[in-house]
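[1] The sequence isn't on hand, but the structure is:
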């Protein structure tokens, strides 16, 4: 499993950060999505499902 983000699509709304139950995600200084700790991800895909800009997705390896 890998978390993929598309920075140019992210508008920095923070929905993914809010819905992540394990605090895997955060916003960087520019207000864009950043992965804080991928090892905590439980693959619930809340971030992927909630992102209104399709800027984040979970990829199976």
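    Looks like it arrived, so ask away. Not measured: the values here are computed from a predicted model. Numbers count the residues shown, from 1 in each chain.

[2] Which residues does stretch 49-61 contact?
    Stretch 49-61 has contacts (Cβ atoms under 8 Å, 6 or more residues apart in numbering) with 1-7, 9-11, 13, 15-16, 19, 25, 33, 41, 43, 45, 47-48. (C-beta placed from N, C-alpha, C; glycine too.)

[3] residues of it that come out buried?
    51, 55-56, 58 (16 or more other Cβ atoms under 10 Å).

[4] Tell me which two of these sit farthest apart.
    55 and 58 (12.6 Å; Cβ to Cβ).

[5] Quick one, grab the pLDDT at the closest residue to residue 30 other than its chain neighbours.
    Nearest residue to residue 30, sequence neighbours excluded (Cβ to Cβ, 6 or more residues apart in numbering): residue 12, at 7.7 Å. With respect to pLDDT, residue 12 has a value of 95.

[6] unless I'm mixing things up, residue 12 is touching residue 26, no?
    No. Applying Cβ atoms under 8 Å as the test, residue 12 and residue 26 come out as separate, 11.0 Å apart.

[7] residues shared between the contacts of these two?
    residue 33.

[8] any idea how far the residue nearest to residue 30 lies from residue 39?
    24 Å (Cβ to Cβ, to the nearest Å).

[9] higher neighbour count, these two?
    The neighbour count for residue 12 versus residue 39, taken as other Cβ atoms under 10 Å, is higher for residue 12 (15 against 6).
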